[in-house]
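[1] sequence isn't available, so here's the structure alone:
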């Protein structure tokens, strides 16, 4: 039965890791704007507009 | 590069073609460029910029994506942004190679806006990255200050139609606090603890035969304590703090019994677990904190793009054009000094009391005083701050500092320094005083009753009473009911600052209305034409001629007449002359048209009692008729007044003259008190006098002249035609079109307060059941773990269910799109008004 101790502690640590991830996400500002990212991901990056082109343009 | 096929012919179009950029019809001018039509040079420029940078995909996102950009920017307009002190206040961060700034951009309204603004880096050299927060309508930009200056950045944004709104108040306030973040963190911790403690408590609850090994009991108990500690010291800390502050001020607020319950819950559990005398109530404790925090989150419905706190600074421009020896220069308003010469152009605000030096002043004080007709000023006269120049540019000499001006004096009134909220006893706080005394008495009674017989049982009963009587149901029903009401009203176009406003609104018994802009519509005021004597009504041709003539003048009366006439074709006007304060004349279609006041057209002044603005018309010397500009009341205002009568005392305060008294009496009845020519301070004093007589006053106004009254009143509602415009500091903002539904909203709010009271009764019933266990000392952790969530969930369901039900029954948040028409903003019909409003919710 003593394996139960191990399992319970392991499960708690596992859950705590998720809590940590949540706390990190909040502090990182991921919950500040809950609307724009949903739109942003639908907007395509134009083929002519990738980062490399962009840099080229600047160097020109 | 683009093929230069720039025909750029300014055609007078007779057909209606929509502008390729902004989607508005090209009415008077049409510019052909790159085989596309544009309504103005500005739209063409934006297209050009976008095309040049291969950003034309912008047009694929939306049928009418663009805002009409400003066609031109005065060269001095953003000059103040070169000032290093201003830059320091605006920039969030700055070093040699990188600067960060955040702008509020009211024009942002659709997904293509996000796309364009986030691709700024392609548009402008020097922009490193840009990021949009759509709900807040804010744009964060990182840029290289060596390549692009702040001023160039702002000018570029303005050119593409996303003019940032930079205000004095933004300068004195840095980035907002992140209180929402800390609430999320607290909920996260409490939720984590609650879930795990419940899991670890299950073995105890299900352990019917007592077969659970003792070492497991100790282990689970220890883990429960460990998990409950962060809940006590982190998640619940605000409740203890608030209770402590309350007690220090000798008041018992709702947090006092809550904190007492939580503290006893935790200490009793700690004692039970350590002593081995029971499993403790840690799951009830963590669950309680978790639910309370959820309630708090639910209650926090904020309208990010609306600002309820505004002082005079927000009404003033951030910069002003100063005349210097070497020409004109834009300087920040804070640098303006007595003795400076300033230039105020058409539609600009006069920032400080000043003497008119040059030019014809036609000052529109409607925003400050409510007076509908503009005032003419000649050189040497004093012009008070807050007026808006309507006409050609004028030159002024400043005689008082901005903060000492006539207008800003109002803010020195005591009404602005007091905290409104602290004076309000909310229902929950009011009840909790008696509630707390009650449960302490019951707990002491149980203690005294059991103490001679069984001291352990006595302490058990004492703590159990404090635990079970913890008013969590009351503490939950308020935020859930009011939070839901806040949302429902928000969907209906009625935006409240916070839930406390709901409670004060429920107690209102007197309603004071402002006239101009509140019960009248500022836009589209009715213009009627009355022929004189035997003259015939205007022909279509004549209408078109008059429209062309009046279009040449910026006088508000001309503008209103021009808008009321539907002649489509613009005729060239020759020999146009404007006589300040008298009228206009010009030759159109071979006829001499004169339009102006009685003296101007008749040569003598007519004695007539009607003081509504009017303009006489003569064609080739023959007097034809008169245009009358009536104040137009909002549709349905009479029915609205009838519904309010009997339920509320009504009063009307107007800064305007009493020319409309008879019409108003027809609408509101003869008995209603009406005061005219009220200065801002008079309005404030009127409200105060009502309050001295124990009236609970609701003030409804829109202009700066109402700012004092709105502040003084128990609840101040600002009427807004357009949420991007300015309104004075207030407790709530009401969409102008929704004014006549206000009585319905108030009824809904009162019903919601009754729901809270009903919920309080239900939670009392639960408490009586719980107390019957508690006083006998037989409240087991299991009963507690069932009873507490059960009562909380009942209350939450009733709170949200009943408010939703009422809202549906009374059609509070009926899809209000149906009631909106195209709102005219800044002369451009803005198609996306409804979209914007939806986003706010």
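    Nice, I can see it. Everything numeric in this text was worked out from a predicted model, so none of it was measured.
[2] strands of the stretch 551-700 of chain B, start to end?
    Defined through DSSP state E, counting those that start in this stretch, the strands belonging to the stretch 551-700 of chain B, from first to last, are B:573-579, B:583-588, B:591-596, B:614-619, B:622-629, B:649-653, B:674-675, B:697-701.
[3] give me the mean pLDDT for the last one.
    For strand B:697-701, mean pLDDT rounds to 92.
[4] against which helices or strands is that strand packed?
    Other elements packing on strand B:697-701 under the criterion 3 or more CB pairs under 8 Å, 6 or more residues apart in numbering or on different chains; DSSP states H and E are strand B:510-514, helix B:680-692, helix B:707-712, strand B:715-720. Any C-beta I mention is one placed from the backbone N, CA and C, and that applies to glycine too.
[5] out of those, which comes closest to residue A:37?
    Judged by CB to CB, the one of those that comes nearest to residue A:37 is strand B:715-720, at 29.4 Å.
[6] the closest one: partners in the sheet, and parallel or antiparallel?
    Note on strand B:715-720: by DSSP bridges, its sheet partners are strand B:697-701 (parallel), strand B:732-735 (parallel).
[7] just send these back as CSV, with mean neighbour count and distance to residue B:641 too.
    Output for those, formatted as CSV (neighbours: other CB atoms under 10 Å in any protein chain shown; distance: least, CB to CB, whole Å):
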stretch, mean neighbour count, distance to residue B:641
strand B:697-701, 27, 12
strand B:732-735, 23, 16
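[8] tell me which of those strands lies nearest to residue B:622.
    Residue B:622 lies closest to strand B:697-701 among those, at 44.4 Å (CB to CB).
[9] quick one: contacts of that closest one?
    Strand B:697-701 has contacts (CB atoms under 8 Å, 6 or more residues apart in numbering or on different chains) with B:505, B:508, B:510-514, B:517-518, B:648, B:683, B:687, B:690-691, B:706, B:709-710, B:712-719, B:728, B:734, B:739, B:742.
[10] ditto for stretch B:244-255
    Contacts to stretch B:244-255, defined as CB under 8 Å, 6+ apart, come from residues B:239-240, B:242-243, B:256, B:426, B:428-429, B:431-433, B:436, B:471, B:474-475, B:478.
[11] most neighbours, which of those residues?
    Neighbour count (other CB atoms under 10 Å in any protein chain shown) singles out residue B:478 as the most crowded of those, with 27 neighbours.
[12] then that one would be within a helix, right?
    Yes. In this structure, residue B:478 lies within a helix as judged by DSSP: H, G, I helix; E, B strand; the rest coil.
[13] name the nearest residue to it, ignoring sequence neighbours.
    Closest residue in space to residue B:478, ignoring its immediate chain neighbours: residue B:428 at 4.8 Å, by CB to CB, 6 or more residues apart in numbering or on different chains.
[14] try residue B:287
    Residue nearest to residue B:287 in three dimensions, not counting chain neighbours: residue B:194, with 5.0 Å by CB to CB, 6+ apart.
[15] right, and the helix or strand after the strand or helix carrying the one you found?
    In this structure, residue B:194 is located in helix B:179-206 according to DSSP states H and E. Toward the C-terminal end, the helix or strand that comes next after helix B:179-206 (DSSP H and E) is helix B:214-230.
[16] stretch B:306-317: end-to-end distance?
    One end of stretch B:306-317 sits 18 Å from the other (CA to CA, to the nearest Å).
[17] chain A contacts on chain B?
    With CB under 8 Å from any CB of the partner chain as the criterion, chain B comes near chain A at residues B:54-55, B:57, B:61, B:111, B:114-115, B:118-119, B:121-122, B:125, B:132-136, B:178, B:180-181, B:184-185, B:188-189, B:192, B:195-196, B:200, B:213, B:216, B:219, B:223, B:839.
[18] now those: which count as buried?
    By neighbour count, with 16 or more other CB atoms under 10 Å in any protein chain shown, these hold B:55, B:57, B:61, B:111, B:114-115, B:118-119, B:121-122, B:132-136, B:184-185, B:188-189, B:192, B:195-196, B:200, B:216, B:219, B:223, B:839 as buried.
[19] isn't residue B:436 up against residue B:260?
    Yes. Taking contact to mean CB atoms under 8 Å, the distance of 7.3 Å between residue B:436 and residue B:260 places them in contact.
[20] hang on, the earlier thing: would TSV of the helices and strands packed on strand B:697-701 with mean pLDDT and mean neighbour count be doable?
    As requested, the helices and strands packed on strand B:697-701 are arranged in TSV below (pLDDT from 0 to 100; neighbours: other CB atoms under 10 Å in any protein chain shown):
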stretch	mean pLDDT	mean neighbour count
strand B:510-514	92	25
helix B:680-692	89	19
helix B:707-712	86	27
strand B:715-720	88	26
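[21] what about residue B:201, neighbour count?
    Counted with other CB under 10 Å, the neighbours of residue B:201 add up to 23.
[22] chain A versus residue B:709, what's the distance?
    Taken as CB to the nearest CB, to the nearest Å, the spacing of residue B:709 relative to chain A amounts to 36 Å.
[23] which SSE is the residue most central in space within chain A in?
    What sits nearest the mean C-alpha location of chain A, by CA atoms, centre = their mean, is residue A:25, with 7.0 Å. Assessed by DSSP H and E, residue A:25 sits inside helix A:3-27.
[24] which outside residues touch the helix or strand following that helix?
    As assigned by DSSP H and E, the chain's next helix or strand after helix A:3-27 is helix A:36-40. Contacts of helix A:36-40 from elsewhere in the structure, counted by CB under 8 Å, 6+ apart, are B:111, B:114, B:118, B:132-135.
[25] switch the cut-off to 10 Å
    By CB atoms under 10 Å, 6 or more residues apart in numbering or on different chains, the list of residues contacting helix A:36-40 from outside reads A:30, A:33, B:110-111, B:113-115, B:118, B:131-136, B:138.
[26] got the buried residues for that helix?
    Taking 16+ other CB under 10 Å as the basis for neighbour counts, the residues of helix A:36-40 that come out buried are A:36, A:39-40.
[27] kindly report the same for stretch B:483-492.
    Neighbour-count burial for stretch B:483-492, with 16+ other CB under 10 Å as criterion, is recorded at B:483-492.
[28] correct me if wrong, but residue B:379 is in a helix.
    No. Secondary structure assignment (three-state DSSP) places residue B:379 in coil, not in a helix.
[29] model confidence for it, exactly?
    We have a pLDDT of 84 for residue B:379.
[30] dump the residue contacts of it.
    For residue B:379, the residues meeting the contact criterion (CB under 10 Å, 6+ apart) are B:355-361, B:394-395.
[31] among those residues, name the ones in strands.
    Among these, the members falling in strands are B:355-358, B:361, B:394-395 (criterion: DSSP state E).
[32] where in chain A is pLDDT low?
    Across chain A, the ranges flagged by pLDDT under 70 are A:1, A:44-60.
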